[in-house]
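Asker: Kindly generate the corresponding structure for this input.
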Amino acid sequence: MVELAGGTLIGTATLWTIDTHHRSAHIGLQLLPSCRGKGYGTDVVAVMCHYGFVVRGLHRLQIETLSDNVAMLRAAERNGFVREGVLRSSAWVMGQFLDDVLLGLLTDDWQRAANA
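Answerer: Residues are numbered from 1 along each chain as shown. Here you go, the predicted structure:
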């Protein structure tokens, strides 16, 4: 990801585990620490949704994030993702188990929100 105004590298974004049969994929992104808290995450999730649904013709996008990643949860929900479940104590992070939150977005819901 590159900031449009200055061309500065701000992080990475990817669609991974693309399943062409089920027309689904996962969104992943990482922002550099100096670029967090500036709204880039929300913008990047929006771009990835457009790419996944319009360009790739996917039906479902999914995000998994740690339960304490408030910024990612907010970015996903601002783009219409719905919390679908919690994988309790599924991630070992810095000496403790944390929950993973599963969020999903379907193309029909995304299109309805875009046309509202």
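
Asker: From now on I want contacts and neighbour counts done on CA atoms only, so please keep to that.
Answerer: Will do.

Asker: just the helices in the protein please.
Answerer: 40-50, 70-78, 107-115 (DSSP state H).

Asker: His26 is nearest to which of those?
Answerer: The closest approach between His26 and any of those, judged by CA to CA, belongs to helix 40-50 at 9.9 Å.

Asker: Among the helices of the chain, show the one with the smallest mean pLDDT.
Answerer: The weakest mean pLDDT among the helices of the chain belongs to helix 107-115, with a mean of 92.

Asker: could you dump that one to CSV, C-alpha only?
Answerer: Provided in CSV are the C-alpha atoms of helix 107-115 (Å, rounded to 0.1, in the frame of the first residue of the first chain):
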residue,chain,number,x,y,z
THR,A,107,-21.4,-9.2,-2.2
ASP,A,108,-25.1,-8.6,-2.0
ASP,A,109,-24.8,-6.8,1.4
TRP,A,110,-21.8,-4.8,0.1
GLN,A,111,-23.7,-3.7,-3.1
ARG,A,112,-26.8,-2.7,-1.0
ALA,A,113,-24.7,-0.6,1.2
ALA,A,114,-22.9,1.0,-1.7
ASN,A,115,-26.2,1.9,-3.3
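
Asker: from the chain's centre, how far out does it sit?
Answerer: Taking the mean of its C-alpha atoms, helix 107-115 sits 16 Å from the chain's own mean (CA atoms, centre = their mean, to the nearest Å).

Asker: relative orientation of that helix and helix 40-50 in degrees?
Answerer: 120 degrees (axes from the mean of the first three to the mean of the last three CA atoms, to 10 degrees).

Asker: buried stuff in helix 107-115?
Answerer: Thr107, Trp110 (16 or more other CA atoms under 10 Å).

Asker: Give me the residues contacting it.
Answerer: Identification of contacts with helix 107-115 by CA atoms under 8 Å, 6 or more residues apart in numbering yields Phe53, Leu58, His59, Arg60, Asn79, Gly80.

Asker: what about 10 Å?
Answerer: When contacts are defined by CA atoms under 10 Å, 6 or more residues apart in numbering, helix 107-115 is touched by residues 46, 49-50, 52-54, 57-61, 79-81.
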